[in-house]
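Q: my questions concern the predicted model and sequence given below.
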Amino acid sequence: MIRYGIVFLQLAELFVSCLLHLLYGFYIFSTAVAFDLSQALNDCFKPNISESLKEVEPQNANSVDDLPPIVLVHGIFGFGKGRLGGLSYFAGAEKKDERVLVPDLGSLTSIYDRARELFYYLKGGQVDYGEEHSKACGHSQFGRIYEQGNYPEWDEDHPIHFVGHSAGAQVVRVLQQMLADKAFKGYENTSENWILSVTSLSGAFNGTTRTYLDGMQAEDGRSLKPICLLQICRLGVIIYDWLDIPWLKSYYNFGFDHFNMSWKKAGLMGLLDCLLGNAGPFASGDWILPDLTIQGSIRLNHKLNTFPNTFYFSYATRCTRKIMGITVPASLFGVHPLFFIRVLQMSQWRHPPDASPPYKGYRDEDWQDNDGALNTYSMTHPRLPIEHPSCFVLNDSDCQPLQPGIWSVQALYLIY
């Protein structure tokens with residue numbers, strides 16, 4: 001009887017979680033549509049309202065032509081400039097300066113695939129995911145075509161500042177390693193020095209226990225639980241991509257076009273194969289959630305370096321506090337219920353006692369502070385499997401003069 005009660009509670013929790021996530025997704029999507037409609041009406045009635053302002057812009061642009069661009073890389077379920085109408089993932093930063101670039105990368109594609117997409121977004125050309133990787137993961141080798149790169153002159157003499165949020169921080173690190181390894185065919189002169197600085201905003205350097213709460217198996221960090229939030233997400237994404245409705249995908253795209261899941265290419269049998277887990281990104285594991293488990297992050301970090309000539313900055317966040325030795329959400333009132341539940345879940349999650357720990361020396365208490373999506377322990381700097389050089393900063397003056405090749409870490413206490 002007790003077992004049935006636990007199962008009922010788990011199903012009730014899953015139902016509530018799905019409902020809240022769907023409502024939040026609908027809210028974002030409807031806001032984007034409403035904004036676009038508002039802009040269209042505004043343009044109809046006031047078409048020339050900003051003409052006088054446009055004449056002033058070139059004067060300001062000339063003074064910053066020699067400054068390197070800043071590329072903002074979004075995290076999981078994120079989007080770049082041009083998606084979701086006029087909404088901005090980075091609070092309108094790209095509207096402040098033309099040197100701020102916000103690429104639209106796959107929101108659920110693997111960190112490897114996103115790093116490849118980011119390179120061609122900047123340099124131009126057709127995205128090449130690599131022959132070996134593409135065959136292993138069961139997707140096309142070539143993807144989207146960028147007729148004109150957003151910064152084609154990018155090289156060691158014209159380096160770039162990168163800012164990555166959440167999983168976006170790992171995307172930048174993988175890209176830098178690819179540049180160091182000269183992993184892009186036709187570009188034999190790449191190097192790690194093409195990147196001037198890396199700034200992480202709540203970066204997912206060492207994985208997150210959120211993945212296990214949402215459905216990844218803690219035993220291996222690769223497979224999904226039979227019934228979980230991510231299984232429902234998987235089914236929704238497959239159907240969304242199979243339907244391939246142009247106006248919907250122009251608003252939001254999960255980034256799996258190179259898996260050819262559209263009804264035009266896959267047909268009905270292809271849809272069934274994907275739904276049954278026999279084909280597609282969720283079958284091959286070439287999507288972002290396995291990369292965000294602790295085990296997946298260790299596999300990634302094993303190949304990644306912190307380079308001596310690049311400046312590294314990290315801002316770690318937490319929305320928890322300790323009461324009588326117990327980690328709990330920092331605030332109860334004025335907090336979105338979905339956010340409060342997520343912070344509480346992560347602060348109370350414990351690694352299954354019957355499963356092997358993800359690494360030697362693992363302790364649950366290290367991973368309790370969080371911001372609802374990522375653990376603070378994971379955000380500071382790359383720790384696993386080898387700790388990278390870092391220094392914790394209380395005041396900006398503490399890191400003067402700036403030192404390359406070391407992660408300057410600043411912790412932020414947030415209440416939403």
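A: Received it, and whenever you're ready, just let me know what you need. Residues are numbered from 1 along each chain as shown.

Q: for residue 256, see how far away residue 249 is.
A: 11 Å (C-beta to C-beta, to the nearest Å). Heads up, the C-betas are built off the backbone N, CA and C, glycines and all.

Q: the more surrounded of those two?
A: Comparing residue 249 with residue 256 by other C-beta atoms under 10 Å, the one with more neighbours is residue 256, at 25 against 16.

Q: how far away is that one from residue 130?
A: 17 Å.

Q: likewise residue 155?
A: Residue 155 is 21 Å from residue 130, by C-beta to C-beta.

Q: same question, residue 302
A: Distance of residue 302 to residue 130, computed by C-beta to C-beta: 19 Å.

Q: what about the two, which has more around it?
A: For residue 302 versus residue 130, neighbours defined as other C-beta under 10 Å are more numerous around residue 130 (17 against 10).

Q: could you check the pLDDT of the more buried one?
A: pLDDT recorded at residue 130 is 97.

Q: which one's the longest helix in the protein?
A: Scanning the chain for the helix with the most residues, using DSSP state H, yields helix 2-45.

Q: spit out the contact partners of residue 237.
A: Listed by C-beta atoms under 8 Å, 6 or more residues apart in numbering, the contact partners of residue 237 are 108, 254, 256.

Q: which of those sits closest to residue 319?
A: Taking C-beta to C-beta as the measure, residue 319 lies nearest residue 108 of the contacts of residue 237, at 24.4 Å.

Q: the closest one contacts residue 77, correct?
A: Yes - using C-beta atoms under 8 Å, residue 108 is in contact with residue 77, at 7.2 Å.

Q: who has more neighbours, those two?
A: Between residue 108 and residue 77, residue 108 has the larger neighbour count (other C-beta under 10 Å), namely 22 against 18.

Q: and the residue nearest to the spatial centre of the chain, how far is that from residue 244?
A: With distances taken as C-alpha atoms, centre = their mean, the residue of the chain nearest its centroid is residue 75 (1.9 Å). Using C-beta to C-beta, we find residue 75 at a distance of 25 Å from residue 244.

Q: again with residue 215
A: To residue 244, residue 215 is 26 Å away according to C-beta to C-beta.

Q: neighbour-wise, which of these two wins?
A: Using other C-beta under 10 Å as the criterion, residue 215 and residue 244 rank with residue 215 on top: 20 against 15.

Q: which residues touch the residue lying closest to residue 225 once chain neighbours are set aside?
A: By the measure of C-beta to C-beta, 6 or more residues apart in numbering, the closest residue to residue 225 outside its immediate chain neighbours is residue 215, 4.9 Å from it. Residues in contact with residue 215, defined by C-beta under 8 Å, 6+ apart, are 224-225, 228-231.

Q: likewise for residue 187?
A: residue 123.

Q: low-scoring pLDDT stretches of the chain, where are they?
A: Applying pLDDT under 70 to the chain picks out residues 1-3, 6-7, 9, 20, 46-65, 333-335, 398, 414-416.

Q: can you give me the strands for it?
A: For the chain, the strands defined by DSSP state E cover 70-73, 100-101, 125-128, 142-146, 160-165, 195-201, 311-318, 320-323, 326-329, 390-392, 407-413.

Q: mind giving me TSV with the ones you listed and columns for mean neighbour count?
A: As requested, the strands of the chain are arranged in TSV below (neighbours: other C-beta atoms under 10 Å):
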stretch	mean neighbour count
strand 70-73	25
strand 100-101	19
strand 125-128	17
strand 142-146	16
strand 160-165	22
strand 195-201	22
strand 311-318	22
strand 320-323	14
strand 326-329	17
strand 390-392	15
strand 407-413	17
